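[1] Got a sequence here, can you build the structure:
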Amino acid sequence: QAIQAFEATEAAGNADPVQVTVAGRLRSSRPMGKVTFAHIEDGSGRLQLFMRINEIGEEALKQFTELFDLGDFIEASGSMMRTRTGEITVHVSSFRMLAKAITPLPAAKDEVVDGEVVRHAQLSDPETRYRQRYADLAVNPEVRDIFRKRAAITHALRDYLDSHDFLEVETPVLQPIYGGAAAQPFVTHHNQLHQDLYLRISFELYLKRLLVGMYDRVYEIGRDFRNEGVSFKHNPEFTQLEFYWAYADYEKVMTFVEEMLAYVCDTVLGTRTFEYNGATIDMNLPFKRLSMRDGILEKSGIDINAYPTTESLSEAMHAKNIAFKPGLKRGKLVDALLSEFLEPTLIQPTFLYDYPRDISPLAKSKPGDPGTVERFEIYAGGMELGNAFTELNDPLDQEQRFLEMGRTYEAGDEERHPLDEDYLQAMSYGMPPTGGFGMGVERLTMLLTNKPTIREVILFPHLREEK
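    Below you'll find the model as predicted:
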């Protein structure tokens with residue numbers, strides 16, 4: 001506001017001085033004998049201060065130099081001016097401390113600029129940045145920009161869904177039965193009810209209950225929790241978008257998703273082409289569509305349709321010296337081929353569609369092909385962004401799938417999908433044909449901010465205990 005006020009008087013040719021009082025965090029200090037230059041910063045930007053012994057006195061200048069540290073919050077009053085180099089500056093007449101940084105901002109260092117020593121704050125060590133995100137944000141404006149962009153991405157997703165008549169809802173975080181995904185849950189206990197509960201791993205089964213209740217389009221943006229390993233694209237808690245759309249199938253959802261992501265790019269970036277991890281990503285429509293069978297065949301040389309059993313597919317993988325974890329069922333073997341051979345090559349936005357039934361317990365089978373379901377995943381930058389189905393809406397078929405999942409996996413297996421009798425009860429009242437979609441907001445943010453790890457786009461990522 002101070003800068004804009006000064007520019008306005010300049011543009012009007014007004015010679016009257018603009019008097020201001022400004023406040024912010026001290027970011028740099030440049031003492032030069034009888035004068036000192038400094039910069040303060042707030043959420044709106046940075047502004048230079050100019051202090052001269054003539055106006056503020058010898059004692060005050062000495063006090064500023066000796067007692068004010070980088071990171072301190074200060075207030076300064078004076079008149080606006082432009083230096084000989086053209087920088088808009090406050091010619092300070094008085095100043096005072098607002099809040100003291102007992103611990104100076106990390107890695108303060110001296111740098112010689114034009115023969116003078118300038119003190120700066122720096123923080124680049126990733127471990128320190130993630131553990132002390134408050135210091136990271138205070139020192140690195142580019143990190144603050146990441147989370148402004150993340151907020152804009154979430155807003156754009158919500159705006160797009162709202163504009164297409166989707167209703168935003170909230171479903172339980174604490175659930176008596178977890179479901180909707182293949183993941184191990186976090187377990188907690190309700191003392192009053194004497195009941196174990198689970199932090200949700202997905203919104204899916206509750207959102208689909210709402211379709212039974214005659215909402216045709218619903219979505220939720222919120223936190224999911226999965227008790228699984230940490231990687232460059234996994235964090236135990238993360239933000240997910242899920243929507244469910246009555247009277248749509250996975251092909252209709254594909255078109256909707258690509259249009260939604262293009263809208264997000266237009267809104268947040270102002271372009272549909274951008275850099276990620278050394279590659280130029282093109283989000284212009286339409287996105288590539290590739291069947292899982294064709295993609296795996298092209299990259300691994302194995303036609304999964306030619307090996308319909310666990311035994312035959314295992315033998316085919318052994319014949320090509322493809323290593324895999326012993327005991328995997330056919331669907332997980334297909335998933336292993338996808339992860340090793342195909343996923344890293346899907347750099348441009350790609351819909352990979354038609355998945356094995358036995359790793360998709362909530363998806364509808366393709367007509368005439370009961371072993372394959374109407375499911376797609378969207379990939380970009382070599383990682384999965386989202387997952388979608390034509391939803392299974394036959395309660396008898398769904399019950400059979402739950403029972404099969406219970407037999408297929410050992411007790412305690414993280415992929416085990418429990419039978420949810422209340423969900424089956426809801427389906428028995430009739431659930432419309434439905435298309436559903438889920439996407440991790442962090443992964444989309446990684447892509448649009450060109451960050452190679454999920455920790456860069458979560459304000460407070462989970463880390464190992466510091467020894």
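[2] Pull the residues that contact the lengthiest strand in the chain.
    Looking across the chain with DSSP state E, the single longest strand is strand 19-32. With contact meaning CB atoms under 8 Å, 6 or more residues apart in numbering, strand 19-32 is reached by 2, 5, 36-42, 46-47, 64-65, 68-80, 90, 98, 113, 116-121, 138. All C-beta atoms are positioned from the backbone trio N, CA, C, and that covers glycine.
[3] gap between it and the chain center?
    Distance of strand 19-32 from the chain centroid (CA atoms, centre = their mean, to the nearest Å) equals 34 Å.
[4] in it, what's buried?
    20, 22, 24, 25, 26, 27, 28, 29, 30, 31 (16 or more other CB atoms under 10 Å).
[5] Closest to residue 321 out of those?
    Nearest to residue 321, judged by CB to CB, of those is residue 27 at 57.0 Å.
[6] so where's the protein uncertain?
    For the chain, the stretches with pLDDT under 70 are 107-121, 406-417.
[7] looking at it, which residue ends up farthest from its center?
    residue 54 (51.9 Å; CA atoms, centre = their mean).
[8] helices and strands around the helix or strand it falls within, which ones?
    Element membership for residue 54 (DSSP states H and E) is helix 53-56. Here helix 53-56 touches strand 88-99, going by 3 or more CB pairs under 8 Å, 6 or more residues apart in numbering; DSSP states H and E.
[9] Give the pairing partners of the strand it packs on; include direction for each.
    Paired strands of strand 88-99, with direction, are strand 45-52 (parallel), strand 73-82 (antiparallel) (DSSP bridges).
[10] which parts of it are buried?
    Buried residues in strand 88-99 (16+ other CB under 10 Å): 88, 89, 90, 91, 92, 95.
[11] coming back round to it: in JSON lines: the strands paired with strand 88-99, plus mean neighbour count and distance to residue 327.
    What follows is the strands paired with strand 88-99, written out as JSON lines (neighbours: other CB atoms under 10 Å; distance: least, CB to CB, whole Å):
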{"stretch": "strand 45-52", "mean neighbour count": "18", "distance to residue 327": "58"}
{"stretch": "strand 73-82", "mean neighbour count": "18", "distance to residue 327": "59"}
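[12] Of those, which is nearest residue 149?
    Comparing these by CB to CB, strand 45-52 comes nearest, at 17.1 Å.
[13] which residues touch the closest one?
    Counting by CB under 8 Å, 6+ apart, 2-3, 22, 24, 27, 34-41, 60-61, 64, 76, 78, 81, 83, 87-92, 95 sit against strand 45-52.
[14] before we move on, back to that, give me the nearest residue to the residue farthest from the centre of the chain, chain neighbours excluded.
    Spatially, and ignoring its direct neighbours in sequence, residue 54 is nearest to residue 34 (8.0 Å; CB to CB, 6 or more residues apart in numbering).
[15] Please tell me how far that neighbour sits from residue 122.
    Remark: distance between residue 34 and residue 122 (CB to CB, to the nearest Å) = 28 Å.
[16] Which of the two has more residues huddled nearby?
    Taking other CB atoms under 10 Å, residue 34 and residue 122 do not tie; residue 122 has more neighbours (14 against 11).
[17] Just the C-alphas of the lengthiest helix in the chain, formatted as CSV.
    Secondary structure of the chain per DSSP state H: the longest helix is helix 141-163. What follows is helix 141-163, C-alpha atoms only, in CSV (Å, rounded to 0.1, in the frame of the first residue of the first chain):
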residue,chain,number,x,y,z
PRO,A,141,9.2,-16.6,-0.5
GLU,A,142,9.2,-19.2,-3.3
VAL,A,143,8.0,-21.8,-0.7
ARG,A,144,5.2,-19.5,0.3
ASP,A,145,4.2,-19.3,-3.3
ILE,A,146,3.9,-23.1,-3.5
PHE,A,147,1.2,-23.2,-0.9
ARG,A,148,-0.6,-20.2,-2.3
LYS,A,149,-0.7,-22.1,-5.6
ARG,A,150,-1.9,-25.2,-3.8
ALA,A,151,-4.8,-23.2,-2.3
ALA,A,152,-5.6,-21.9,-5.8
ILE,A,153,-5.6,-25.5,-7.1
THR,A,154,-8.1,-26.6,-4.5
HIS,A,155,-10.2,-23.5,-5.1
ALA,A,156,-10.3,-24.2,-8.8
LEU,A,157,-11.3,-27.8,-8.4
ARG,A,158,-14.1,-26.8,-6.0
ASP,A,159,-15.2,-24.0,-8.4
TYR,A,160,-15.3,-26.3,-11.4
LEU,A,161,-17.4,-29.0,-9.5
ASP,A,162,-19.7,-26.4,-8.0
SER,A,163,-20.3,-24.9,-11.5
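[18] ok, then the element right after that helix?
    Following helix 141-163 in sequence, per DSSP H and E, is strand 167-168.
[19] which neighbours does that next one have in its sheet, and in what orientation?
    Checking strand 167-168 against DSSP bridges gives partners strand 217-225 (parallel).
[20] Do you have the strands of the stretch 151-300 of the chain handy? List them.
    For the stretch 151-300 of the chain, the strands defined by DSSP state E, counting those that start in this stretch cover 167-168, 174-175, 187-190, 195-199, 217-225, 237-246, 273-276, 279-282, 288-291.
[21] which helices and strands sit right next to the third one?
    Strand 187-190 makes packing contacts with strand 195-199 when contacts are defined by 3+ CB pairs under 8 Å, 6+ apart.
[22] so the most centrally placed residue in the chain is in which element?
    By CA atoms, centre = their mean, the chain has its centre lying nearest to residue 442, at 1.4 Å. Element membership for residue 442, per DSSP H and E: helix 441-449.
[23] which phi and psi does residue 359 have?
    Main-chain torsions, residue 359, degrees, to the nearest 10: phi -120, psi 20.
[24] where's it relative to residue 41, distance?
    Distance from residue 359 to residue 41, by CB to CB: 50 Å.
[25] what does residue 219 give?
    Taken as CB to CB, the span from residue 219 to residue 41 is 37 Å.
[26] Tell me which of the two has more neighbours.
    Comparing residue 219 with residue 41 by other CB under 10 Å, the one with more neighbours is residue 219, at 23 against 15.
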